[in-house]
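>>> no FASTA, just this:
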């Protein structure tokens with residue numbers, strides 16, 4: 001009896017394999033750093049053979065360039081897909097801010113940031129940090145929200161892009177900076193920080209008419 005030869009993988013199988021390889025690569029880079037992670041270690045972490053890995057990536061550099069933007073953007077994508085109540089501006093800003101803080105304080109995200117920072121000189125591909133680190137997706141979500149309210153006449157903003165940048169920086173930068181020094185606030189303190197940031201931002205953009 002002859003065994004039927006397996007054909008090409010389906011699109012779903014190919015997508016699952018790609019996800020598996022990326023997850024394995026991130027796990028290896030987090031454990032060993034860029035220099036310590038080998039193609040063998042990445043394949044082992046992904047549970048595939050080196051031949052399977054090399055069939056999709058010519059070398060470790062190609063793996064790194066592919067998986068880093070994906071790793072930083074995937075959590076942001078999940079947040080952005082959650083529908084906010086756009087007519088409730090304070091509530092929508094609060095939800096977007098919570099997502100930004102959560103991502104900034106995520107242990108794996110912070111560790112991966114350090115790996116990328118250590119290797120940034122070798123990877124000019126990562127100079128456009130807004131795209132690489134997933135910032136732009138959340139910023140676009142925020143810009144759409146602000147544009148909606150500007151068109152409704154409830155806010156007045158000269159530069160929506162800059163306003164979105166400033167809001168995210170106000171919400172996310174200090175918690176992330178404190179975390180770099182091992183300082184983490186309580187949930188109550190985080191909510192207080194976010195509430196004040198939303199209030200300050202609204203005071204600056206709400207229409208005075």
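Yes, it's here. Because the structure is predicted, anything quoted here is derived from the model rather than measured.
>>> From here on, just use CA atoms for contacts and neighbour counts.
Will do.
>>> Now the element after the worst-scoring helix or strand of the chain on mean pLDDT, going C-ward?
Least confident helix or strand, the chain: helix 129-132 with a mean of 46, by mean pLDDT, DSSP states H and E. Going down the chain from helix 129-132, the next helix or strand is helix 135-152, by DSSP states H and E.
>>> So which elements touch that next one?
Under the contact criterion of 3 or more Cα pairs under 8 Å, 6 or more residues apart in numbering; DSSP states H and E, helix 135-152 touches helix 60-81, helix 89-105, helix 129-132, helix 160-180.
>>> most packed of those?
By mean neighbour count, with neighbours taken as mean count of other Cα atoms under 10 Å, helix 89-105 ranks first of the helices and strands packed on helix 135-152 at a mean of 19.
>>> what does that one rub up against?
75-76, 79, 84-86, 109-110, 138, 142, 145, 149, 168, 171-172, 175-176, 179, 194-195, 198, 202 (Cα atoms under 8 Å, 6 or more residues apart in numbering).
>>> chain center to stretch 142-151: distance?
Stretch 142-151 has its C-alpha centroid displaced from the chain centroid by 22 Å (Cα atoms, centre = their mean, to the nearest Å).
>>> Same check on stretch 59-76?
Relative to the centre of its chain, stretch 59-76 is centred 11 Å away, using Cα atoms, centre = their mean.
>>> closest to residue 114 out of the helices and strands packed on helix 135-152?
helix 160-180 (9.7 Å; Cα to Cα).
>>> mean confidence score for that closest one?
The average pLDDT for helix 160-180 rounds to 92.
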